[in-house]
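Asks: show me how the following folds:
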Amino acid sequence: MAELSPLEAKIIKQIEYYLGDISLTRDKFMKQVITENDGWISFDTMLKFNRLKTLTEDVNIIKVALSKSSSGLLEVGPNGIRRNPNLAVPESFDDAFLACKDRSVYVKGFNVVTTLDEIIEWLEKHGGKTINVHTRRLPKDKKFKGSLFAIFETKEEAERLLNSPDASVFGKNSTIRMYRDDYFEKKKAEKNAKHEARVERNAAMDAARAEQVSSWLYSGALLELSGLPDPKNPLLSKSLLNHKTNHVKPLATNNPKFPPSLRVVLKAPNTAENAWAKLTKAFGEKPVVYSGSAITGLVLSGDEEIAHWKTVLAAQMHKAQKRRGGHRNGKTVGNKRRRTN
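Replies: Residues are numbered from 1 along each chain as shown. Sure, this is the predicted structure:
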(Lines give C-alpha, C1' and ligand atoms only; values in the text may rest on other atoms or scores of the structure.)
Protein backbone atom coordinates (compact mmCIF):
# COMPACT_ATOMS: atom_id res chain seq x y z
CA MET A 1 0.00 0.00 0.00
CA ALA A 2 1.34 3.42 -1.00
CA GLU A 3 2.27 5.69 1.89
CA LEU A 4 -0.35 8.33 2.64
CA SER A 5 0.23 11.88 3.74
CA PRO A 6 -2.12 13.23 6.46
CA LEU A 7 -3.92 15.30 3.80
CA GLU A 8 -4.35 12.33 1.47
CA ALA A 9 -5.75 10.22 4.31
CA LYS A 10 -8.32 12.93 5.07
CA ILE A 11 -9.32 13.25 1.40
CA ILE A 12 -9.86 9.49 1.07
CA LYS A 13 -11.79 9.34 4.32
CA GLN A 14 -14.05 12.24 3.35
CA ILE A 15 -14.93 11.03 -0.14
CA GLU A 16 -15.42 7.45 1.00
CA TYR A 17 -17.74 8.84 3.65
CA TYR A 18 -19.85 10.56 0.96
CA LEU A 19 -20.12 7.33 -1.06
CA GLY A 20 -20.28 4.89 1.84
CA ASP A 21 -23.32 2.73 2.62
CA ILE A 22 -24.49 4.70 5.66
CA SER A 23 -24.21 8.19 4.17
CA LEU A 24 -25.76 7.26 0.82
CA THR A 25 -28.91 5.89 2.44
CA ARG A 26 -29.43 9.27 4.14
CA ASP A 27 -28.25 11.69 1.45
CA LYS A 28 -31.01 12.17 -1.14
CA PHE A 29 -28.81 14.34 -3.35
CA MET A 30 -25.97 11.83 -3.64
CA LYS A 31 -28.39 8.94 -3.98
CA GLN A 32 -29.86 10.68 -7.03
CA VAL A 33 -26.48 11.71 -8.48
CA ILE A 34 -25.13 8.15 -8.58
CA THR A 35 -28.10 7.07 -10.70
CA GLU A 36 -27.04 9.49 -13.45
CA ASN A 37 -24.17 9.40 -15.96
CA ASP A 38 -23.49 5.74 -15.23
CA GLY A 39 -22.67 6.67 -11.63
CA TRP A 40 -19.85 9.09 -12.44
CA ILE A 41 -19.71 12.26 -10.35
CA SER A 42 -17.62 15.16 -11.62
CA PHE A 43 -14.90 16.68 -9.48
CA ASP A 44 -16.71 20.02 -9.83
CA THR A 45 -19.73 18.46 -8.12
CA MET A 46 -17.61 16.89 -5.39
CA LEU A 47 -15.93 20.21 -4.66
CA LYS A 48 -19.29 21.72 -3.79
CA PHE A 49 -19.06 19.81 -0.51
CA ASN A 50 -17.58 22.14 2.07
CA ARG A 51 -15.54 19.64 4.07
CA LEU A 52 -13.76 18.39 0.95
CA LYS A 53 -13.33 21.93 -0.32
CA THR A 54 -11.63 22.99 2.92
CA LEU A 55 -9.10 20.18 2.49
CA THR A 56 -8.17 21.07 -1.09
CA GLU A 57 -9.60 22.41 -4.33
CA ASP A 58 -6.80 20.89 -6.40
CA VAL A 59 -8.27 18.08 -8.52
CA ASN A 60 -4.85 16.51 -9.12
CA ILE A 61 -4.22 16.21 -5.38
CA ILE A 62 -7.62 14.52 -5.02
CA LYS A 63 -6.86 12.10 -7.88
CA VAL A 64 -3.49 11.12 -6.45
CA ALA A 65 -4.96 10.62 -2.98
CA LEU A 66 -7.83 8.45 -4.23
CA SER A 67 -5.48 6.34 -6.33
CA LYS A 68 -3.90 5.24 -3.04
CA SER A 69 -7.20 4.04 -1.52
CA SER A 70 -7.26 0.32 -0.77
CA SER A 71 -10.94 -0.04 0.13
CA GLY A 72 -12.17 -0.92 -3.36
CA LEU A 73 -15.11 1.45 -2.85
CA LEU A 74 -14.16 4.00 -5.55
CA GLU A 75 -13.20 4.22 -9.19
CA VAL A 76 -11.26 7.30 -10.33
CA GLY A 77 -11.61 8.70 -13.86
CA PRO A 78 -10.10 11.72 -15.62
CA ASN A 79 -13.08 13.95 -14.83
CA GLY A 80 -14.62 12.43 -11.76
CA ILE A 81 -15.22 9.45 -9.51
CA ARG A 82 -17.87 6.84 -8.97
CA ARG A 83 -18.79 4.21 -6.44
CA ASN A 84 -17.73 0.72 -7.47
CA PRO A 85 -20.76 -0.48 -9.52
CA ASN A 86 -20.26 -4.00 -8.14
CA LEU A 87 -21.14 -2.72 -4.66
CA ALA A 88 -24.91 -2.37 -4.41
CA VAL A 89 -26.27 0.51 -2.33
CA PRO A 90 -28.42 -0.72 0.59
CA GLU A 91 -32.14 -0.04 0.23
CA SER A 92 -32.40 1.79 3.56
CA PHE A 93 -30.41 3.03 6.52
CA ASP A 94 -31.69 0.08 8.56
CA ASP A 95 -30.31 -2.33 5.98
CA ALA A 96 -26.97 -0.51 5.96
CA PHE A 97 -26.82 -0.42 9.74
CA LEU A 98 -27.52 -4.14 10.13
CA ALA A 99 -24.25 -4.88 8.36
CA CYS A 100 -22.26 -2.88 10.91
CA LYS A 101 -24.36 -2.86 14.10
CA ASP A 102 -21.71 -4.80 16.04
CA ARG A 103 -19.22 -1.96 15.45
CA SER A 104 -21.55 1.00 15.91
CA VAL A 105 -21.23 2.91 19.19
CA TYR A 106 -22.80 5.81 21.07
CA VAL A 107 -20.59 8.31 22.88
CA LYS A 108 -21.63 11.28 25.01
CA GLY A 109 -19.49 13.82 26.85
CA PHE A 110 -18.01 16.05 24.17
CA ASN A 111 -17.94 19.81 24.53
CA VAL A 112 -20.59 21.39 22.30
CA VAL A 113 -17.88 23.45 20.57
CA THR A 114 -15.77 20.40 19.71
CA THR A 115 -15.03 20.17 15.97
CA LEU A 116 -15.64 17.07 13.90
CA ASP A 117 -11.91 16.74 13.22
CA GLU A 118 -11.18 16.78 16.96
CA ILE A 119 -13.87 14.15 17.53
CA ILE A 120 -12.57 11.84 14.81
CA GLU A 121 -9.01 12.21 16.08
CA TRP A 122 -10.13 11.25 19.60
CA LEU A 123 -12.20 8.28 18.39
CA GLU A 124 -9.40 6.91 16.25
CA LYS A 125 -6.82 7.45 18.99
CA HIS A 126 -8.78 5.37 21.50
CA GLY A 127 -10.54 2.97 19.14
CA GLY A 128 -9.41 2.76 15.55
CA LYS A 129 -10.41 3.74 12.04
CA THR A 130 -13.92 5.17 11.76
CA ILE A 131 -15.99 4.89 8.60
CA ASN A 132 -18.89 7.06 9.75
CA VAL A 133 -19.36 9.64 12.50
CA HIS A 134 -22.81 11.15 13.01
CA THR A 135 -22.82 14.08 15.42
CA ARG A 136 -26.20 14.53 17.08
CA ARG A 137 -27.70 18.01 16.85
CA LEU A 138 -30.61 19.93 18.33
CA PRO A 139 -33.59 20.08 15.93
CA LYS A 140 -34.17 23.82 16.21
CA ASP A 141 -30.74 25.46 15.86
CA LYS A 142 -28.70 22.41 14.71
CA LYS A 143 -26.14 22.96 17.48
CA PHE A 144 -24.03 19.98 18.49
CA LYS A 145 -25.53 18.18 21.51
CA GLY A 146 -22.26 16.71 22.72
CA SER A 147 -23.11 13.14 21.72
CA LEU A 148 -22.67 11.04 18.58
CA PHE A 149 -22.94 7.71 16.84
CA ALA A 150 -19.78 6.30 15.28
CA ILE A 151 -19.11 3.23 13.17
CA PHE A 152 -15.65 1.67 13.25
CA GLU A 153 -14.06 -0.38 10.53
CA THR A 154 -13.89 -3.47 12.74
CA LYS A 155 -15.71 -4.80 15.80
CA GLU A 156 -12.39 -5.00 17.66
CA GLU A 157 -11.85 -1.26 17.21
CA ALA A 158 -15.31 -0.51 18.57
CA GLU A 159 -14.64 -2.72 21.60
CA ARG A 160 -11.29 -1.00 22.14
CA LEU A 161 -13.01 2.38 22.42
CA LEU A 162 -15.68 1.04 24.77
CA ASN A 163 -13.15 -0.67 27.04
CA SER A 164 -10.33 1.88 26.98
CA PRO A 165 -9.79 3.56 30.39
CA ASP A 166 -8.29 6.55 28.59
CA ALA A 167 -11.56 7.05 26.67
CA SER A 168 -13.50 7.51 29.91
CA VAL A 169 -12.86 11.25 29.67
CA PHE A 170 -12.80 13.86 26.93
CA GLY A 171 -10.87 16.84 28.21
CA LYS A 172 -12.40 17.37 31.65
CA ASN A 173 -15.69 15.68 30.78
CA SER A 174 -16.58 12.12 31.72
CA THR A 175 -17.84 10.12 28.75
CA ILE A 176 -20.70 7.67 28.40
CA ARG A 177 -19.91 4.88 25.92
CA MET A 178 -22.01 1.95 24.76
CA TYR A 179 -23.06 0.09 21.66
CA ARG A 180 -25.64 1.95 19.60
CA ASP A 181 -28.21 -0.84 20.08
CA ASP A 182 -27.68 -0.74 23.85
CA TYR A 183 -28.27 3.02 23.82
CA PHE A 184 -31.67 2.64 22.16
CA GLU A 185 -32.62 -0.24 24.47
CA LYS A 186 -31.70 1.96 27.44
CA LYS A 187 -33.78 4.85 26.08
CA LYS A 188 -36.69 2.52 25.44
CA ALA A 189 -36.54 1.22 29.02
CA GLU A 190 -36.36 4.78 30.38
CA LYS A 191 -39.31 5.82 28.26
CA ASN A 192 -41.36 2.84 29.44
CA ALA A 193 -40.46 3.57 33.06
CA LYS A 194 -41.50 7.21 32.66
CA HIS A 195 -44.73 6.14 31.01
CA GLU A 196 -45.51 3.68 33.81
CA ALA A 197 -44.71 6.32 36.43
CA ARG A 198 -46.96 8.79 34.60
CA VAL A 199 -49.77 6.22 34.43
CA GLU A 200 -49.44 5.52 38.15
CA ARG A 201 -49.31 9.23 38.96
CA ASN A 202 -52.36 9.98 36.84
CA ALA A 203 -54.22 7.00 38.32
CA ALA A 204 -53.51 8.33 41.80
CA MET A 205 -54.69 11.79 40.76
CA ASP A 206 -57.82 10.30 39.18
CA ALA A 207 -58.53 8.28 42.32
CA ALA A 208 -58.10 11.35 44.49
CA ARG A 209 -60.36 13.29 42.16
CA ALA A 210 -62.94 10.49 42.20
CA GLU A 211 -62.90 10.48 45.99
CA GLN A 212 -63.28 14.26 46.00
CA VAL A 213 -66.20 14.16 43.56
CA SER A 214 -67.81 11.23 45.38
CA SER A 215 -67.76 13.21 48.60
CA TRP A 216 -70.51 15.49 47.31
CA LEU A 217 -72.58 12.86 45.52
CA TYR A 218 -75.72 11.68 47.28
CA SER A 219 -78.71 9.48 46.48
CA GLY A 220 -82.35 10.32 46.11
CA ALA A 221 -81.66 13.84 44.84
CA LEU A 222 -82.10 13.45 41.08
CA LEU A 223 -85.31 14.72 39.51
CA GLU A 224 -85.77 14.55 35.75
CA LEU A 225 -88.19 17.06 34.28
CA SER A 226 -89.56 16.41 30.79
CA GLY A 227 -91.62 18.72 28.59
CA LEU A 228 -89.83 21.96 29.47
CA PRO A 229 -90.11 24.59 26.71
CA ASP A 230 -86.32 25.00 26.77
CA PRO A 231 -84.63 22.02 28.44
CA LYS A 232 -81.18 23.52 27.84
CA ASN A 233 -81.99 26.41 30.15
CA PRO A 234 -81.53 25.31 33.80
CA LEU A 235 -82.99 28.62 34.97
CA LEU A 236 -86.45 27.34 34.00
CA SER A 237 -86.25 24.42 36.41
CA LYS A 238 -84.69 26.64 39.04
CA SER A 239 -87.53 29.12 38.73
CA LEU A 240 -90.20 26.41 38.75
CA LEU A 241 -88.83 24.47 41.73
CA ASN A 242 -87.76 27.48 43.75
CA HIS A 243 -91.16 29.07 43.35
CA LYS A 244 -93.14 25.96 44.24
CA THR A 245 -90.88 23.87 46.50
CA ASN A 246 -87.96 26.00 47.73
CA HIS A 247 -85.39 23.47 46.40
CA VAL A 248 -82.67 24.85 44.11
CA LYS A 249 -79.61 23.36 42.37
CA PRO A 250 -80.25 22.40 38.73
CA LEU A 251 -77.86 20.43 36.54
CA ALA A 252 -78.66 19.99 32.83
CA THR A 253 -77.62 16.75 31.10
CA ASN A 254 -78.52 14.98 27.89
CA ASN A 255 -81.16 12.29 28.26
CA PRO A 256 -81.93 10.38 25.04
CA LYS A 257 -84.79 8.47 26.74
CA PHE A 258 -86.89 11.48 27.61
CA PRO A 259 -86.21 14.35 25.19
CA PRO A 260 -86.58 17.16 25.80
CA SER A 261 -85.67 16.88 29.48
CA LEU A 262 -83.50 18.36 32.18
CA ARG A 263 -82.13 16.71 35.28
CA VAL A 264 -82.13 18.60 38.54
CA VAL A 265 -79.82 17.88 41.46
CA LEU A 266 -81.51 18.92 44.68
CA LYS A 267 -79.72 20.36 47.68
CA ALA A 268 -79.98 17.35 49.99
CA PRO A 269 -80.19 13.55 49.66
CA ASN A 270 -83.57 11.84 49.46
CA THR A 271 -85.40 15.08 48.60
CA ALA A 272 -86.27 14.54 44.91
CA GLU A 273 -89.41 12.52 45.57
CA ASN A 274 -90.67 15.04 48.14
CA ALA A 275 -89.90 17.96 45.82
CA TRP A 276 -91.92 16.43 42.97
CA ALA A 277 -94.76 15.62 45.37
CA LYS A 278 -94.84 19.24 46.55
CA LEU A 279 -94.78 20.45 42.97
CA THR A 280 -97.71 18.26 41.88
CA LYS A 281 -99.61 19.18 45.04
CA ALA A 282 -99.18 22.88 44.22
CA PHE A 283 -101.09 22.28 40.97
CA GLY A 284 -103.77 20.18 42.61
CA GLU A 285 -105.58 17.87 40.24
CA LYS A 286 -104.23 19.71 37.20
CA PRO A 287 -101.06 18.84 35.26
CA VAL A 288 -97.87 20.65 36.19
CA VAL A 289 -97.61 23.47 33.65
CA TYR A 290 -94.82 25.97 33.10
CA SER A 291 -94.77 28.64 30.38
CA GLY A 292 -97.63 26.88 28.65
CA SER A 293 -95.89 23.48 28.66
CA ALA A 294 -97.06 20.39 30.55
CA ILE A 295 -94.24 19.05 32.73
CA THR A 296 -93.73 15.46 33.87
CA GLY A 297 -91.27 14.36 36.52
CA LEU A 298 -89.26 11.23 37.24
CA VAL A 299 -87.20 10.55 40.36
CA LEU A 300 -84.10 8.63 39.31
CA SER A 301 -83.06 5.64 41.40
CA GLY A 302 -81.14 2.39 41.14
CA ASP A 303 -79.15 1.79 37.96
CA GLU A 304 -80.36 5.02 36.33
CA GLU A 305 -79.16 7.07 39.28
CA ILE A 306 -75.77 5.30 39.35
CA ALA A 307 -75.37 5.75 35.57
CA HIS A 308 -76.05 9.47 35.95
CA TRP A 309 -73.38 9.94 38.61
CA LYS A 310 -70.91 7.90 36.56
CA THR A 311 -71.50 10.30 33.67
CA VAL A 312 -70.93 13.28 35.95
CA LEU A 313 -67.78 11.72 37.37
CA ALA A 314 -66.41 10.92 33.89
CA ALA A 315 -66.97 14.53 32.84
CA GLN A 316 -65.16 15.76 35.93
CA MET A 317 -62.22 13.41 35.27
CA HIS A 318 -62.02 14.55 31.65
CA LYS A 319 -61.86 18.18 32.74
CA ALA A 320 -59.12 17.34 35.23
CA GLN A 321 -57.07 15.58 32.55
CA LYS A 322 -57.44 18.52 30.17
CA ARG A 323 -56.23 20.89 32.87
CA ARG A 324 -53.16 18.71 33.35
CA GLY A 325 -52.51 18.98 29.61
CA GLY A 326 -50.84 16.54 27.24
CA HIS A 327 -51.65 13.06 25.96
CA ARG A 328 -51.77 9.97 28.07
CA ASN A 329 -49.49 7.97 25.74
CA GLY A 330 -46.33 9.74 26.91
CA LYS A 331 -45.35 11.12 23.51
CA THR A 332 -46.21 14.73 24.09
CA VAL A 333 -46.78 16.98 27.05
CA GLY A 334 -48.75 20.16 26.61
CA ASN A 335 -48.23 20.11 22.81
CA LYS A 336 -44.46 19.92 23.29
CA ARG A 337 -42.40 16.86 22.51
CA ARG A 338 -39.98 15.83 25.19
CA ARG A 339 -36.33 16.01 24.16
CA THR A 340 -34.02 13.14 24.98
CA ASN A 341 -30.25 13.01 24.80
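
Asks: count the neighbours of Lys31 for me.
Replies: By other C-beta atoms under 10 Å, the residues close to Lys31 number 13. To be clear about C-beta, it is placed using only N, CA and C from the backbone, and glycine gets the same treatment.

Asks: pLDDT weak spots in the protein?
Replies: 1-2, 209, 212-216, 230-261, 324-341 (pLDDT under 70).

Asks: how about the helices in it?
Replies: Counting by DSSP state H, residue ranges of the helices within the chain are 6-18, 21-26, 28-33, 43-46, 50-55, 59-67, 93-98, 116-126, 155-163, 180-214, 234-244, 272-282, 302-324.

Asks: out of those helices, nearest to Phe149?
Replies: With distances scored as C-beta to C-beta, the stretch of the helices of the chain nearest to Phe149 is helix 180-214 (5.5 Å).

Asks: just to revisit the earlier point, how about TSV for the helices of the chain, with distance to Glu224 added?
Replies: Below are those laid out as TSV (distance: least, C-beta to C-beta, whole Å):
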stretch	distance to Glu224
helix 6-18	75
helix 21-26	64
helix 28-33	64
helix 43-46	78
helix 50-55	75
helix 59-67	86
helix 93-98	60
helix 116-126	72
helix 155-163	71
helix 180-214	21
helix 234-244	10
helix 272-282	9
helix 302-324	9
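
Asks: of these, which approaches Pro78 most closely?
Replies: Closest of the helices of the chain to Pro78 is helix 59-67, at 8.5 Å (criterion: C-beta to C-beta).

Asks: in that closest one, what's buried?
Replies: Buried residues in helix 59-67, counted by 16 or more other C-beta atoms under 10 Å: 59, 62-63, 65-66.

Asks: what's the closest of the residues you listed to Ile15?
Replies: When the buried residues of helix 59-67 are compared against Ile15 (criterion: C-beta to C-beta), the nearest one is Leu66, at 6.5 Å.

Asks: is it true that the closest one touches Ile15?
Replies: Yes: Leu66 is within contact range of Ile15, at 6.5 Å (criterion: C-beta atoms under 8 Å).

Asks: now do the shared contacts for the two.
Replies: Common neighbours of Leu66 and Ile15, counting by C-beta atoms under 8 Å, 6 or more residues apart in numbering, are 74, 81.

Asks: what's near enough to touch Thr296?
Replies: Each residue near Thr296 by C-beta under 8 Å, 6+ apart is listed here: 225-227, 288.

Asks: buried members of the residues you listed into PyMOL, please.
Replies: Applying 16+ other C-beta under 10 Å to those, the buried members can be selected in PyMOL as follows:
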select buried, resi 225+226+227+288
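
Asks: got the buried residues of helix 59-67 as a markdown table, with distance to Met205 columns?
Replies: A markdown table is the format used below for these (distance: C-beta to C-beta, whole Å):
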| residue | distance to Met205 |
| --- | --- |
| Val59 | 67 |
| Ile62 | 64 |
| Lys63 | 68 |
| Ala65 | 64 |
| Leu66 | 64 |
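
Asks: can you list the domains in this protein?
Replies: Taking automatic domain parsing as the reference, the chain has its domains at 6-93, 100-183, 222-300.

Asks: quick one: the first one to chain centroid distance?
Replies: If you compare the mean C-alpha spot of domain 6-93 with that of the full chain, they lie 36 Å apart, counting by C-alpha atoms, centre = their mean, to the nearest Å.

Asks: give the closest residue to Ala11 in space, chain neighbours not counted.
Replies: Quick fix: residue 11 reads Ile, not Ala. Ala65 (4.1 Å; C-beta to C-beta, 6 or more residues apart in numbering).

Asks: from Thr56, how far off is the one you found?
Replies: According to C-beta to C-beta, to the nearest Å, Ala65 and Thr56 sit 8 Å apart.

Asks: overlap in contacts, those two.
Replies: Listed as contacting both Ala65 and Thr56 by C-beta under 8 Å, 6+ apart are 7, 11.

Asks: report the buried residues of stretch 20-31.
Replies: The neighbour-count check on stretch 20-31 (16+ other C-beta under 10 Å) flags 20-25, 30 as buried.

Asks: just stretch 44-54 next, same as before
Replies: Buried, per 16+ other C-beta under 10 Å, within stretch 44-54: 46, 49, 52.

Asks: outside of stretch 37-46, which residues touch it?
Replies: For stretch 37-46, contacts defined as C-beta under 8 Å, 6+ apart pick out 15, 18, 33-34, 52, 59, 62, 77, 79-83, 85.

Asks: again but with stretch 55-67, I slipped
Replies: With contacts defined as C-beta under 8 Å, 6+ apart, stretch 55-67 is touched by 2, 4, 7-12, 14-15, 43, 46-47, 52, 74, 76, 81.

Asks: check stretch 108-119 too.
Replies: Residues from elsewhere that reach stretch 108-119 (C-beta under 8 Å, 6+ apart): 51, 133, 135, 143-148, 169-171, 173-176, 341.

Asks: returning to what we had before: closest to Val299 out of the buried residues of stretch 20-31?
Replies: Thr25 (70.5 Å).
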